[in-house]
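Chemist: I need the structure of the sequence given here:
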Amino acid sequence: MAGSALGDNDVVSKWVVKERLDGVELKGAGLSTLTGGGSNQLLRELLSWPESRRRVKNLVRLGVVASERQQLWSTTSGGLQFSQSSGDLYTETLQDLFGSGVRENLPCPRPYVPPSGCQWWHLSEAGQSAGCRVLVAIERTHPDIPYCPDLQPLVAILLHVIDDEAVCFNILSGLINSGNRDPVYLVQSQSAATSSQHSFGEVAGRKAKTSYRWLRTGMSEGGSALTAEDMNRNLADWMTWIFQWLPVVTVIRIVDCFLVEGRKVFYRVALALMKLTYRTIDAQGRRSSTRPNIEAVKAYSNTAPTTVLLQAAFKVRNLSWSLIEQCQRQTRASLASPVPSERLSMVNIESRPNAAVVSGGETQSEIVSDKTKWSTIFSWLPARYQISKPRRVFCTDNDGYSLSTLYKRCGVHEPLLMFIKTTNQEVFGAFLSASLDKRHGSKAFTYFGSGETFLFSVSPAMDCYRWSGIGKADDAPSVDYFTAGDTKCMAVGGGEGYGIWLDASLDNGTSTKCTTFNNPSLVSSQEGDFRVASLEIHTLDDE
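Modeler: Residues are numbered from 1 along each chain as shown. Next up, the predicted model:
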């Protein structure tokens, strides 16, 4: 099929710009209905999943018939089970967010974008918009996942094959709900992503020794080899080899195996790329003239034959998940400055280039007047609100220092951004996911809101503190203490203290560590007390 247009037997989704696939060899990736291993047998084995995992694994490694791929992905990911238990959650979520209309041009949620940026391969603009809608729905329904950079490229791959956005949503939800059970599919925090990135060098040093030594010696600027830590840093972008450098048809075949065997497949493929790059250069007699570096791996990846690559990947012997975890533990211990586990600081965010983020326009705040800081705060918001135009609905300088007035001014508006400046010049605040009118549901001091609520600090340092999602045991402090208020006070966060607490006069407040966000005190006083100099609340609704 190389060099020709798509034929009737080639199966890709409506989201793909088929003209871009002209000249792409599809059959080796199982995108043709004429290829793949044992059609009826695979479907029969899927009926007894997961007990049939080993048999399904062997069949999928041989190849997948294109018409069976959606069934394979939905079953092995847990997406089918998720859809049966949740109903049409995707449609309901979009209607809750946007009403009956279809939203286009949504920004892609930054926590779900890999460090190398978005990768859409051959998707049309409509397909890319569909991918962003799926991820925005994931962000809404899974607010406890602070960082998962595999999701954007995965949804792009799903949409190359599947027309139905809801099916893609269910597949990703199934993977997320699998958590850390064996097999492990996704990294779901910043710390897990960091250890995954930097531990590949440790794995490669054990399972691809010859090519590892070749790269380690050749990548040094002097005559000596790089240290192990330097090598780990140089290989930290190894997932880019798969999601940025390999052709989409190859990535689809890798995802077939990934959904059956778990994340270990990605390690196998990256190790195979190292080995095959070295062997190719060695066989061509270019070892002395080719400088060993990542560019050599990239050059091979761009033209790597799918079948050859997968065969090499599955020949890597004794690669167990326990070994990978051991390497990750060693990496975490050796990192001089480990990345905080559930926080997305300004440094973390700006280290992920090319992610689509809307800045919120010119600052509308007198408390946060610096445009860069204003834009950073907007980059922390859920993606669907990053395109909103904020409006200030309450300000102590104009409306006075009264909690009851604050309630009246904010009314049913949601979501809300609250900024506080203390008499000690500290600046911090909170994103409130629900309107303050929700407090009327109970006469008692009762919490409301969702896991999208978060705290942030602006001065003296910028940082973001999201829902911790920990302590789910019955006897542990609840982690769903998001926002609460009555006539006497208002609070954000709870459990062992309040992230932010304000009295009825909006004059005095406290900020201490709380279970909800696992934050430090946002003020400098030892007791966490502060005096309010000014307070603003902005709404992000469309009215």
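Chemist: use CA for all of it now, contacts and neighbours both
Modeler: Fine.
Chemist: point out where the protein drops to low pLDDT.
Modeler: 1-11, 21-39, 180-181, 218-225, 285-292, 334-363, 440-444, 469-479, 541-543 (pLDDT under 70).
Chemist: the strands in it, which residues?
Modeler: For the chain, strands defined by DSSP state E occupy the ranges 391-395, 416-422, 427-432, 447-448, 454-459, 463-465, 483-485, 489-492, 500-503, 508-510, 529-539.
Chemist: looking at these, which is closest to Ile162?
Modeler: Smallest distance to Ile162 across the strands of the chain (C-alpha to C-alpha): 34.2 Å, for strand 454-459.
Chemist: same for that closest one, what does it pack against?
Modeler: Other helices and strands packing on strand 454-459, by 3 or more C-alpha pairs under 8 Å, 6 or more residues apart in numbering; DSSP states H and E, are strand 427-432, strand 463-465.
Chemist: would you format these as TSV with mean neighbour count and distance to Gln197 included?
Modeler: Below are those laid out as TSV (neighbours: other C-alpha atoms under 10 Å; distance: least, C-alpha to C-alpha, whole Å):
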stretch	mean neighbour count	distance to Gln197
strand 427-432	24	30
strand 463-465	23	22
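Chemist: picking that back up, tell me which of the strands of the chain sits nearest to Trp121.
Modeler: Here strand 463-465 is closest among the strands of the chain (C-alpha to C-alpha), at 32.0 Å.
Chemist: quick one: strands adjacent to the closest one?
Modeler: Using DSSP bridges, strand 463-465 pairs in its sheet with strand 454-459 (antiparallel).
Chemist: hmm, who's touching the partner strand?
Modeler: For strand 454-459, the external contacting residues (C-alpha atoms under 8 Å, 6 or more residues apart in numbering) are 373, 425-432, 462-467, 499, 517, 522.
Chemist: what angle do that strand and strand 427-432 make?
Modeler: Inter-element angle recorded for strand 454-459 and strand 427-432: 160 degrees (by axes from the mean of the first three to the mean of the last three C-alpha atoms, to 10 degrees).
Chemist: kindly export strand 454-459 (C-alpha atoms) in PDB.
Modeler: Extracted in PDB, the C-alpha atoms of strand 454-459 (Å, rounded to 0.1, in the frame of the first residue of the first chain):
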ATOM      1  CA  PHE A 454      -7.500  24.400  44.900                       C
ATOM      2  CA  LEU A 455      -5.400  26.800  46.900                       C
ATOM      3  CA  PHE A 456      -2.600  28.900  45.500                       C
ATOM      4  CA  SER A 457       0.000  31.300  46.800                       C
ATOM      5  CA  VAL A 458       1.300  34.300  44.800                       C
ATOM      6  CA  SER A 459       3.700  36.200  47.100                       C
END
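Chemist: could you find the closest non-adjacent residue to Cys168?
Modeler: Closest residue to Cys168 apart from its sequence neighbours, by C-alpha to C-alpha, 6 or more residues apart in numbering: Leu158 at 6.2 Å.
Chemist: does the one you found touch Asn170 like I think?
Modeler: No: the criterion here is C-alpha atoms under 8 Å, and Leu158 misses it with Asn170 at 11.0 Å.
Chemist: quick one, which of these two is more surrounded?
Modeler: Applying other C-alpha atoms under 10 Å to Leu158 and Asn170 shows that Asn170 carries more neighbours, namely 27 against 24.
Chemist: isn't the more buried one up against Thr76?
Modeler: No: under the criterion of C-alpha under 8 Å, Asn170 makes no contact with Thr76, lying 11.7 Å away.
Chemist: related to what we said a few turns ago, turn the strands of the chain into CSV, including distance to Tyr401.
Modeler: Formatted as CSV, the strands of the chain follow (distance: least, C-alpha to C-alpha, whole Å):
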stretch, distance to Tyr401
strand 391-395, 9
strand 416-422, 12
strand 427-432, 17
strand 447-448, 23
strand 454-459, 22
strand 463-465, 26
strand 483-485, 16
strand 489-492, 13
strand 500-503, 10
strand 508-510, 10
strand 529-539, 9
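Chemist: so which of those strands gets nearest Trp214?
Modeler: Nearest of the strands of the chain to Trp214, taken as C-alpha to C-alpha: strand 463-465 at 40.8 Å.
Chemist: so what's the gap between the closest one and the chain middle?
Modeler: In terms of C-alpha atoms, centre = their mean, to the nearest Å, the centre of strand 463-465 is set 17 Å apart from its chain centre.
Chemist: from now on call the first residue 44
Modeler: From this message on, residue numbering opens at 44, which makes the last subject strand 506-508.
Chemist: so Ala180 touches Leu137, yeah?
Modeler: Yes: counting by C-alpha under 8 Å, Ala180 touches Leu137, with 6.7 Å between them.
Chemist: wait, which of the helices and strands packed on strand 497-502 is closest to Leu549?
Modeler: Comparing those by C-alpha to C-alpha, strand 470-475 comes nearest, at 13.9 Å.
Chemist: list the contacts of Pro503.
Modeler: 469-470.
Chemist: and if you look at Trp116?
Modeler: Neighbouring residues of Trp116 by C-alpha under 8 Å, 6+ apart: 122, 214, 299, 302.
Chemist: what's the farthest-apart pair in these?
Modeler: Gly122 and Asp299 (14.2 Å).
Chemist: was I right about Val359 contacting Ala247?
Modeler: No: taking contacts as C-alpha under 8 Å, Val359 lies outside contact range of Ala247: 10.7 Å.
Chemist: where do the contact lists of these two overlap?
Modeler: Joint contacts of Val359 and Ala247 (C-alpha under 8 Å, 6+ apart) are Leu314.
Chemist: ok, now which ones touch Phe471?
Modeler: Contacts of Phe471 (C-alpha under 8 Å, 6+ apart): 462-464, 498-502, 565.
Chemist: using CSV, lay out those together with distance to Thr553 and neighbour count.
Modeler: Listed next are the contacts of Phe471 as CSV, based on distance: C-alpha to C-alpha, whole Å; neighbours: other C-alpha atoms under 10 Å:
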residue, distance to Thr553, neighbour count
Phe462, 14, 23
Ile463, 12, 22
Lys464, 13, 22
Leu498, 14, 26
Phe499, 15, 24
Ser500, 14, 22
Val501, 17, 22
Ser502, 16, 16
Leu565, 9, 27
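Chemist: and those residues, which is closest to Asp523?
Modeler: Leu498 (13.8 Å).
Chemist: show me the helices in the stretch 44-193 of the chain, by range?
Modeler: Secondary structure of the stretch 44-193 of the chain (DSSP state H, counting those that start in this stretch): helices located at 82-89, 96-105, 112-120, 122-129, 132-141, 168-184.
Chemist: which one of those helices lies closest to Ser365?
Modeler: Short answer: helix 96-105, nearest of the helices of the stretch 44-193 of the chain by C-alpha to C-alpha, at 18.5 Å.
Chemist: who are the packing partners of the closest one?
Modeler: Looks like helix 96-105 contacts helix 82-89, helix 291-304 (3+ C-alpha pairs under 8 Å, 6+ apart).
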